[in-house]
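Engineer: With the input below, show me the fold.
(2 chains)
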Amino acid sequence: MNDDGSFAPVVAGSALGAGAPAPATPKNVAHRGGAPNESGEALRQQFAGAVRRVDVVWGETTVVVDPTRVHDVIRWLHDDPAQRYDYLSDVTAVEFRDLEQPIEVVWHLRSLPFRRFLRVKAQIERGAALEVPSVWDIYKGADWLERECYDMFGIRFVGHPDLRRLLMWEQYAEGFPLRKDFPLRGRFSRSEQLRQALAANPEARYSKEELSIADAFEDLPADMRRRLTTGERTGE
Amino acid sequence: MGLSPRPDSRLVETTSNEPWITTKLDAFVNWGRKNSLWPMPFGTACCAIEFMATAASKYDLARFGMERQAFSPRQADLLICAGRVPFKLAPVLRRIWQQMPQPKWCISMGACASTGGMFDNYAVVQGIDSIIPVDVYVPGCPPRPEGLLYGILMLQRKVANERSGDKSLRNEMEPDPDTQLYIPPSVIDEVSEPFGNSIHQTRSGL
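Structural biologist: Numbers count the residues shown, from 1 in each chain, chains lettered A, B, ... in the order given. Alright, predicted model coming up:
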C-alpha cells in the first residue's frame, strides 16, 4: 500500500531489468565459500565498523553485524534503492550447545525486486543482556516473529510495541522453552503444569485493546449494537 | 403360580388395532440415544484428518446415526478429541466440555489425546483424561477410520448398557476449586511419567 492509499503490486525481479536471466535453481553449490551477493559487498563498504563478517553458506550470504547496529543496517537494506529488501521472512535465534558460543539472533531478508536473499545475524555474548533492537518500525510483519522469538528464547526486542508471549500463555512461568538449559518436560511437575494451565482464562491472552469493543462500537452492525446495549454478553 | 391376570393389566387398554410393544424404559431411551449421537469434533492434529475420512462418504459415519456433526458444544453429546492437546488448549477443552449438556460422552482419539503420545515435552497434556472424563480411548497414530468406528461402536454399547437408576452417570465431575483438577495431583504425576499412561493402562508386567 502506498502513502496515498493506492496499491502497487510487487513484481519479483522487476528491478533486474529486461535482460536479466530467468531465475534458475543453482547447481553444484559449495557448502562454504563463494562470492557473497551484491548486498554483502555493499554492506561492507557502507557499515565498515558494524559488519564483522560476511559468510557464504550453501550460496547464501550471511552478514554478522554488531548487535547495536542491527536496526541501522536493516533500515538501510530496506530503504536503499540498490537493495530494496522489502520482505522480512523470519526472525529467529540460535543457541548452541557449546556454552562458550554466543547466542545468535537471525533475520531472514528477501528483496523481491532484486531476487536476493540475505541473512543478517547478531551475536550476543554470554553474560550480556539478551537485547537487540526491534525492526517492527521497518517491517510490521516483525510483530509476531519477534514475539515468538521472545517467547521461546527470552530475547528482548527493544522498541517492540507489545512484546508479550505468543505461543505460550502470558502467565507461563517456567522460562523460555527453546533455551538449552530448559528441560524437555519443563521445570514443574505435570500436575503443577496442568494446574497453572487450567487456571488461565482462555480470554486472558488478548491485550486490553483486542478485547475492548468500545472503540469499534459505532462501526458494529446495528443488531450487534442493539444486543450489546441490552447487556447481552458472550463467553463468561 | 396362578394364571390370574396381573392386577395392573388394565393399565394398557387396546382400543384400536395399532401395534404396540412393551420394553424397558432404559432399553428404549438408550436405543434412541446410541443411534442418534451428535458428535462434536475437537480436531487439533492429524487424527482430525482421519476423523474427516470417517465422516466422509467411504466410511460414512452417518450409518451409525451421526448424520449431524455438531460444531457447537451446546448442541452436541459426543466430544471426539482428535489430536494432541497442548497446555494452552487445556482450559479451552475443559470449558467446551462444561458447555456440553448432559447426557454427554467423550472419545479420546489417538495416542496423543489419550497419553500425550510421542510428545512427552513441556507443551503437551499427557492424556486429556486429566482434564475431562473420557469414555473410550481409541489407540493409533493416527487411528484408521475403522479404528475410530470400532471405538464409536464400543461407545454405543456402553450407552446401550447405561441404567437410568444410576444417578452418578449424569453427575458433572466438579474440579477442585483450588487446583481446578479433578484427579489428585499425585495420580497425574504418576501417569505422566515417561510412558506412564501406557504402562499403567496395560499392566503388561514388562
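Engineer: When you work out contacts or count neighbours from here on, use the C-alpha atoms and nothing else.
Structural biologist: Noted.
Engineer: Who does residue B:80 form a beta bridge with?
Structural biologist: Beta-bridge pairing of residue B:80, defined through DSSP bridges, involves residue B:41, residue B:107.
Engineer: residues in contact with it?
Structural biologist: With Cα atoms under 8 Å, 6 or more residues apart in numbering or on different chains as the criterion, the residues that contact residue B:80 are B:39, B:40, B:41, B:42, B:43, B:106, B:107, B:108, B:109.
Engineer: Going by distance to chain A, which of these wins?
Structural biologist: Distances from chain A to those, taken as Cα to the nearest Cα, are shortest for residue B:42 (16.0 Å).
Engineer: Which pLDDT value belongs to the closest one?
Structural biologist: According to the prediction, residue B:42 has pLDDT 93.
Engineer: Might one say that it is in contact with residue B:78?
Structural biologist: No. In terms of Cα atoms under 8 Å, residue B:42 does not count as a neighbour of residue B:78; the distance is 10.2 Å.
Engineer: which of those two has more neighbours?
Structural biologist: Regarding residue B:42 and residue B:78, a neighbour count based on other Cα atoms under 10 Å in any protein chain shown identifies residue B:78 as having more, with 25 against 21.
Engineer: Over to that one: give its phi and psi.
Structural biologist: The phi and psi values for residue B:78, taken as degrees, to the nearest 10, are phi -130, psi 120.
Engineer: same thing with residue A:32?
Structural biologist: Dihedral pair for residue A:32: phi -120, psi 150, per degrees, to the nearest 10.
Engineer: Just read off the phi/psi values of the closest residue to it other than its chain neighbours.
Structural biologist: Closest residue in space to residue A:32, ignoring its immediate chain neighbours: residue A:57 at 4.9 Å, by Cα to Cα, 6 or more residues apart in numbering or on different chains. The phi and psi values for residue A:57, taken as degrees, to the nearest 10, are phi -120, psi 120.
Engineer: can you tell me which residues contact residue A:57?
Structural biologist: With contacts defined as Cα under 8 Å, 6+ apart, the neighbours of residue A:57 are A:30, A:31, A:32, A:33.
Engineer: list the contacts for the last one?
Structural biologist: Each residue near residue A:33 by Cα under 8 Å, 6+ apart is listed here: A:55, A:56, A:57, A:59.
Engineer: repeat that for 6 Å
Structural biologist: residue A:56 (Cα atoms under 6 Å, 6 or more residues apart in numbering or on different chains).
Engineer: In JSON lines: the contacts of residue A:57, plus pLDDT.
Structural biologist: Conversion of the contacts of residue A:57 to JSON lines gives the following (pLDDT from 0 to 100):
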{"residue": "A:30", "pLDDT": "89"}
{"residue": "A:31", "pLDDT": "91"}
{"residue": "A:32", "pLDDT": "89"}
{"residue": "A:33", "pLDDT": "84"}
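Engineer: Can you list which of these are found in helices?
Structural biologist: Secondary-structure check on these using DSSP state H: no residue lies within helices.
Engineer: List just the nearest of the residues you listed to chain B.
Structural biologist: Comparing the contacts of residue A:57 against chain B with Cα to the nearest Cα places residue A:31 closest, at 33.5 Å.
Engineer: Could you find the closest non-adjacent residue to that closest one?
Structural biologist: Leaving aside its chain neighbours, residue A:31 sits nearest to residue A:58 (4.5 Å; criterion: Cα to Cα, 6+ apart).
Engineer: just residue A:55 next, same as before
Structural biologist: What sits nearest to residue A:55 in space, not counting adjacent residues and going by Cα to Cα, 6+ apart, is residue A:62, at 5.0 Å.
Engineer: For the one you found, what are phi and psi?
Structural biologist: Main-chain dihedrals, residue A:62, degrees, to the nearest 10: phi -120, psi 130.
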